[in-house]
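Undergrad: my questions concern the predicted model and sequence given below.
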Amino acid sequence: MSVDLVPLALLMGAVTYPFRALPLFAPTKDRLPRLVQRYLRLVGPAILAALAAGNAAFIEDAAGRNVFHLGIEWIAVVLAVVLIGWRGNVFVGIVAAVVLVAVGRGTIGA
């Protein structure tokens with residue numbers, strides 16, 4: 001197990017913490033400006049979308065290199081984005097994407 005990326009993870013946490021902690025320091029989120037409320041509401045889905053797209057786009061090949069990949073994961077990402085946009089519920093989108101990939105991999109045997 002390599003710990004080479006631990007400093008990077010700590011740096012990323014330090015850089016993103018102020019944005020994640022902002023609601024904790026605000027007296028009530030209803031008193032924040034409308035633009036800040038919209039921004040905070042979209043931070044979580046944006047982070048999830050970036051993680052999902054990154055994990056769907058690249059896989060590790062037999063040589064240990066990351067290579068571009070087209071597979072059922074892309075369909076799951078699109079499904080999650082559509083459901084989250086339609087229902088306004090991140091949980092529903094994630095569960096649907098996970099079920100789609102699990103069923104797809106189970107059916108295909110990948």
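TA: That came through, no problem. Numbering: from 1, shown residues only.

Undergrad: center of the chain - which residue?
TA: Nearest to the centroid of the C-alpha atoms of the chain, with distances taken as CA atoms, centre = their mean, sits residue 48, at 1.7 Å.

Undergrad: now that one: closest residue in space that isn't a chain neighbour?
TA: Spatially, and ignoring its direct neighbours in sequence, residue 48 is nearest to residue 90 (6.7 Å; CB to CB, 6 or more residues apart in numbering). Using the backbone N, CA and C atoms, a C-beta is placed for each residue, glycine as well.

Undergrad: enumerate every residue touching that neighbour.
TA: Listed by CB atoms under 8 Å, 6 or more residues apart in numbering, the contact set of residue 90 reads 44, 45, 48, 84.

Undergrad: what is the lowest-mean-pLDDT helix or strand in the chain packed up against?
TA: In the chain, no helix or strand scores lower on mean pLDDT, DSSP states H and E than helix 34-57, which sits at a mean of 78. Applying 3 or more CB pairs under 8 Å, 6 or more residues apart in numbering; DSSP states H and E, one finds that helix 34-57 contacts helix 6-25, helix 72-87, helix 90-108.
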